[in-house]
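S.K.: have a look at this fold, sequence not included:
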Ligand code: GLU
């Protein structure tokens, strides 16, 4: 009976959200791993928790018109999916990338509900963005886009309502433009309405580093549990954005060596170890392509249009984007002797790739647990904004580390309690879900 509950709800989700393959994928992983929960808690079935949690509270879609540097009118589509606010205001990033559509925003928003719950902080789940492509755009074009986007978005957000932040394509520059337009329209300089802000107008120290650092703290915890560590390990990190850069820095600090990183055009291999500050300079300051890395490091090699997963490694940290590791690539990792995979991006492994890791005994740190450090420090930024106070870098970093350790422990314990020892996919889904489900029961049918 309980089997049919999960299957029925999933089937309804597929029927009702056809063509939303990413949302279906994210939901499938979560729903099926929750089966043991419904066996133990029939009250969740009675309360229709699954039927309700998979349907966003609301989905806002809007036109974003702007004028490019040549005076040409452009129109993009804006999204904000407010998925679930049972444990706190909607919280989640904004993604600017040409691939953005409703399915992508819904998968990210759905993941965010459980991820945010895992942080132990009072934040609900939401996500937004646009199919605007920031690549090759001037600062003024990005500003005009952000101002137009916020002109609509500001009607739907607020420090106790919904608090957006960055994601792919949205960093300090974009958050600055978005904040400027928010305060201009609302006549309010409410710092807590966005996170990832600049340090001189309410941002938190260590927010920039948080996702990358948090990922490495989490994977380190998982390794330590087996008597292993990053020391002298060969690591491949995909991507070269905010998550990748600070993951590389932290791995170096822990004595590991990152030999390759990538962007959507190809990857660089540096047997001396990737220099994170060089990557930062290329990607964040110059906004250029990763292939420029070899200009500064003559020993490094650039491979155009090749998958970074062909590089043999002990530890793989996918930090680029969804579905960047498929079954075949997972098999290559296994063949090359990889012992651990930690997800810095959201849903970087396909469901088939995850099966490959689990069947081959690879230690696997799933995204919603392993990359929760970013949003956790966003919640700490909200706390500091409410207090009108700010903590030191060390204080925030210490809190981040203990949050990541707790997520690891809670996920591990939940897996054990429900008979799925060592399976952090099941463990993190259950641990994140329980808190939200109990809050939803407490609130009645709403
Ligand atoms: N975009 C990040 C994530 O995927 C951070 C969201 C936030 O800080 O609100 O969790």
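M.R.: Cool, got the structure. Keep in mind that what you see is a predicted model, and the values were worked out from it rather than measured.

S.K.: what does the stretch 51-200 of the chain put close to the ligand?
M.R.: Contact residues, the stretch 51-200 of the chain versus the ligand (Cβ under 6 Å from any ligand atom): 91-93, 115, 165, 167, 195. To be clear about C-beta, it is placed using only N, CA and C from the backbone, and glycine gets the same treatment.

S.K.: format those as JSON lines; extra columns: pLDDT.
M.R.: As requested, those are exported to JSON lines (pLDDT from 0 to 100):
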{"residue": "91", "pLDDT": "98"}
{"residue": "92", "pLDDT": "98"}
{"residue": "93", "pLDDT": "98"}
{"residue": "115", "pLDDT": "98"}
{"residue": "165", "pLDDT": "98"}
{"residue": "167", "pLDDT": "98"}
{"residue": "195", "pLDDT": "98"}
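
S.K.: which residues in this structure form strands?
M.R.: For the chain, the strands defined by DSSP state E occupy 58-67, 73-84, 90-96, 124-130, 162-166, 234-237, 257-263, 266-269, 301-304, 315-317, 340-342, 363-365.

S.K.: okay, the ones you listed in TSV with mean neighbour count and distance to residue 418 next?
M.R.: Output for the strands of the chain, formatted as TSV (neighbours: other Cβ atoms under 10 Å; distance: least, Cβ to Cβ, whole Å):
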stretch	mean neighbour count	distance to residue 418
strand 58-67	16	32
strand 73-84	21	22
strand 90-96	28	27
strand 124-130	30	22
strand 162-166	26	32
strand 234-237	27	31
strand 257-263	24	35
strand 266-269	22	38
strand 301-304	14	42
strand 315-317	29	27
strand 340-342	26	22
strand 363-365	23	17
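
S.K.: report the two of the residues of the stretch 51-200 of the chain next to the ligand separated the most.
M.R.: Largest separation among these by Cβ to Cβ: 115 and 195, giving 14.5 Å.

S.K.: okay, now residue 98: neighbour count?
M.R.: As a burial measure, residue 98 scores 13 neighbours (other Cβ atoms under 10 Å).

S.K.: that one: what's it in contact with?
M.R.: 131-133 (Cβ atoms under 8 Å, 6 or more residues apart in numbering).

S.K.: out of those, who's the most crowded?
M.R.: Counting neighbours by other Cβ under 10 Å, residue 132 comes out on top of these with 26 neighbours.

S.K.: give the contact list for it.
M.R.: By Cβ under 8 Å, 6+ apart, the contact set of residue 132 is 64, 76, 96, 98, 145, 149, 169.

S.K.: so what's the second one up against?
M.R.: Counting by Cβ under 8 Å, 6+ apart, residue 76 makes contact with 63-64, 66, 130-132, 145.

S.K.: can I get those in TSV including pLDDT?
M.R.: Below are these laid out as TSV (pLDDT from 0 to 100):
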residue	pLDDT
63	98
64	99
66	98
130	99
131	98
132	98
145	99
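
S.K.: name the nearest of these relative to the ligand.
M.R.: Of all the contacts of residue 76, the ligand sits closest to residue 130, with 14.3 Å by Cβ to the nearest ligand atom.

S.K.: my guess is that closest one contacts residue 63. True?
M.R.: No. Using Cβ atoms under 8 Å, residue 130 is not in contact with residue 63; the gap is 10.3 Å.

S.K.: quickly list what's touching both of these two.
M.R.: Overlap of the contact sets of residue 130 and residue 63 (by Cβ under 8 Å, 6+ apart) consists of 76-78.

S.K.: nearest to the ligand, of these?
M.R.: Proximity of the shared contacts of residue 130 and residue 63 to the ligand was ranked by Cβ to the nearest ligand atom; the top entry is residue 78 with 16.4 Å.

S.K.: buried sites along the least confident helix or strand in the chain by mean pLDDT?
M.R.: Counting by mean pLDDT, DSSP states H and E, the chain has its least confident helix or strand at helix 2-16, which shows a mean of 91. For helix 2-16, the neighbour count (16 or more other Cβ atoms under 10 Å) marks 2, 5-6, 9-10, 13 as buried.

S.K.: looking at these, which is nearest residue 441?
M.R.: Set against residue 441, the nearest of those by Cβ to Cβ is residue 5 (15.9 Å).

S.K.: quick one: that closest one from the ligand, how far?
M.R.: Distance check for residue 5 against the ligand: by Cβ to the nearest ligand atom, to the nearest Å, it reads 29 Å.

S.K.: that older thread, show me the two of the contacts of residue 132 that sit farthest apart.
M.R.: Greatest spatial distance among those (Cβ to Cβ): 98 and 149, at 15.1 Å.

S.K.: who's in contact with the least confident helix or strand of the chain?
M.R.: With contacts defined as Cβ under 8 Å, 6+ apart, helix 2-16 is touched by 23-24, 27-28, 31-32, 34-35, 38-39, 42, 45, 50-51, 54.
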